[in-house]
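> task: produce atomic coordinates for the following.
(4 chains)
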2 protein chains.
Amino acid sequence: MTPETTRKRAPSRRSLATRARILDAAERVFADKGFAGATMRDIAAAAGTQVGLVHHHGHGKEDLFRQTIARRAEELARRRLDALAVCKAQGTPTLPAILDCFFGPYLNLAQGDAQWLAYARLVAHVSADPAWRDISEAHFDPTAQVFIAEIAALYPAAPRARIAAVFVYSVSAMLALVTSRWRIDALAQDGAAGTLDDLVAFCAAGLGASLT
Amino acid sequence: MTPETTRKRAPSRRSLATRARILDAAERVFADKGFAGATMRDIAAAAGTQVGLVHHHGHGKEDLFRQTIARRAEELARRRLDALAVCKAQGTPTLPAILDCFFGPYLNLAQGDAQWLAYARLVAHVSADPAWRDISEAHFDPTAQVFIAEIAALYPAAPRARIAAVFVYSVSAMLALVTSRWRIDALAQDGAAGTLDDLVAFCAAGLGASLT
DNA sequence: GTCTATATGTAGATAGAC
DNA sequence: GTCTATCTACATATAGAC
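Residues are numbered from 1 along each chain as shown, chains lettered A, B, ... in the order given. The predicted model follows:
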């Protein structure tokens, strides 16, 4: 074990906690205000620390933003791919089952944990902004390609470009369920709406009709 | 005609052109960078004028933003409602026909004119951000309610909240077609995709399956 | 690692000459 | 209405004491 490794693996407990608090705060603030709208001071206040510390741990605003995305991206991708693997172990998965494997981890994590909900909204920001295209390509597109390939296997005659288009429609609906519940509620006027099952039914029918 | 009215109705030709240029520039810059990411200096540069003039005509950054939305909102709403009226004149409209009346004006205007395309992307920003909830309520929700009511008439047994949810999914897919073509292209790898007909087929099938 | 103080740039907004 | 110059506030970022 080299000295460098030792130093990296044994930071004080306090520093770990502070760094995590800063990343949590950044996640929430970036989710709320977007990258440009958020300030390092907002994040410092949300984390209960000083601005200098946010710079120190974040290595600048943009780097901090990328860290918040990267921190959870792998786990989300793994959960999606694990769910798909479980499905496939039971035979050829149906279209709704495939969509459920993609939507389910995202929505269930967002529903169960406030910090994951912030991350889910952050993902929506990145997905909508071509300025973060490289982040989408690095963290989200590989998993999306796996699911697109799975759908393509069910509809061998459908052109790849059309599958990609309707997949993006489906993803945007998934993101809307997390980011636009306020709008759904405003338009619904009464009663709750917007569930994973609703979304899967909507997208499965749409995809099926578009690809056959 | 009062003197005040006369003064308001007879500004110099130059001032009209400048004001329009500023609004056009604001539309493009806000669409590109969002509200927080855009600066008055960006807008002045895009308009080929001075920062002071942007403030003068825009009455502050937020007011300028609201003006860019308000300027075209009425025309977009009118085109949608006119299309729906034409449909209804020919008998009870089908679900795809209703969706086409809502999506068509938005997508066709965006496709035919660079300035309308900027507006379409601006609409996507507002629709995604609860901070602009009041703008959505003032400019977009009334038209949305008309179309939701039209869909509800086709599916009398479906709960209103569910119709609102799937309508928001559909709108988010429509917005994605304008804002996320880069993502569709990246995932498609080859060939073009994403047309109004695709979108209508996708959403009509999804809505139909969710509401019966 | 933590915190204070500060450097440096740039934001929105305004005043006043023309 | 137009344009120059400027005010004030706050942004990111860093330096240095502890």
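> domain-wise, how is chain A divided?
A:1-58, A:72-211 (automatic domain parsing).
> let's have the ones you listed in a markdown table, adding distance to chain B and mean neighbour count.
For the C-beta atoms, the positions are set from N, CA and C on the backbone; glycine is no exception. Listed next are the domains of chain A as a markdown table, based on distance: least, C-beta to the nearest C-beta, whole Å; neighbours: other C-beta atoms under 10 Å in any protein chain shown:
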| stretch | distance to chain B | mean neighbour count |
| --- | --- | --- |
| domain A:1-58 | 3 | 16 |
| domain A:72-211 | 3 | 19 |
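> where among these is the average confidence lowest?
Taking the mean pLDDT of each of the domains of chain A, the lowest value is held by domain A:1-58, a mean of 83.
> quick one: closest of the domains of chain A to residue B:98.
If you check each of the domains of chain A against residue B:98 by C-beta to C-beta, domain A:72-211 wins as the nearest, at 15.4 Å.
> ranges for the helices of chain A?
Taking DSSP state H to define them, one finds helices in chain A at A:3-9, A:13-37, A:40-47, A:51-58, A:61-89, A:95-112, A:114-128, A:133-135, A:141-154, A:160-179, A:181-188, A:196-211.
> the second one: how far from the chain's middle?
So that's helix A:13-37. How far helix A:13-37 lies from its chain's middle: 16 Å, per C-alpha atoms, centre = their mean, to the nearest Å.
> ok, now the third one?
The gap between where helix A:40-47 is centred and where its chain is centred comes out at 22 Å by C-alpha atoms, centre = their mean.
> for the last one, same thing?
Here the centre of mass of C-alpha atoms in helix A:196-211, compared against the chain's by C-alpha atoms, centre = their mean, lies 20 Å away.
> ok, and what's touching that helix?
By C-beta atoms under 8 Å, 6 or more residues apart in numbering or on different chains, the surrounding residues in contact with helix A:196-211 are A:95-96, A:99-100, A:103-104, A:107-108, A:151, A:154-155, A:158, A:162-163, A:166-167, A:169-170, A:173-174, A:177, B:162, B:165-166, B:169, B:198, B:201-210.
> how about residue A:147: what's its closest non-neighbour residue?
Setting aside the residues directly before and after it, residue A:147 is nearest to residue A:102 in space (C-beta to C-beta, 6 or more residues apart in numbering or on different chains), at 5.2 Å.
> make sure the one you found is actually in contact with residue A:80.
Yes: with contacts defined as C-beta atoms under 8 Å, residue A:102 counts as touching residue A:80 at a distance of 5.7 Å.
> what is in contact with these two at once?
Residues touching both residue A:102 and residue A:80 (C-beta under 8 Å, 6+ apart): A:143, A:147.
> how far away is residue A:149 from DNA strand D?
The gap separating residue A:149 from DNA strand D is 39 Å, by C-beta to the nearest atom of the strand, to the nearest Å.
> just residue A:210 next, same as before
Relative to DNA strand D, residue A:210 is positioned 42 Å away (criterion: C-beta to the nearest atom of the strand).
> can you tell me how far that residue sits from residue A:25?
Plainly put, residue A:210 is 41 Å away from residue A:25 if you go by C-beta to C-beta, to the nearest Å.
> measure residue A:174 to residue A:116 for me?
According to C-beta to C-beta, residue A:174 stands 14 Å off from residue A:116.
> check residue A:22 too.
The span separating residue A:22 from residue A:116 equals 17 Å under the rule C-beta to C-beta.
> what do you get for residue A:201?
Residue A:201 sits 24 Å away from residue A:116, going by C-beta to C-beta.
> out of the domains of chain A, which gets nearest to DNA strand C?
Of all the domains of chain A, domain A:1-58 sits nearest to DNA strand C, with 3.0 Å by C-beta to the nearest atom of the strand.
> what's the spacing between the closest one and its chain's center?
20 Å.
> what sits against the nearest residue to residue A:93 once chain neighbours are set aside?
In space, and not counting its chain neighbours, residue A:93 is closest to residue A:87: 4.1 Å by C-beta to C-beta, 6+ apart. By C-beta under 8 Å, 6+ apart, the contact list for residue A:87 reads A:93, A:97, A:98, A:101.
> kindly recompute the last result at 6 Å.
Contacts for residue A:87 were tallied using C-beta atoms under 6 Å, 6 or more residues apart in numbering or on different chains; they are A:93, A:97, A:101.
> ok, now residue A:144?
residue B:187.
> what of residue A:30?
The neighbourhood of residue A:30, defined by C-beta under 6 Å, 6+ apart, consists of A:38, A:122.
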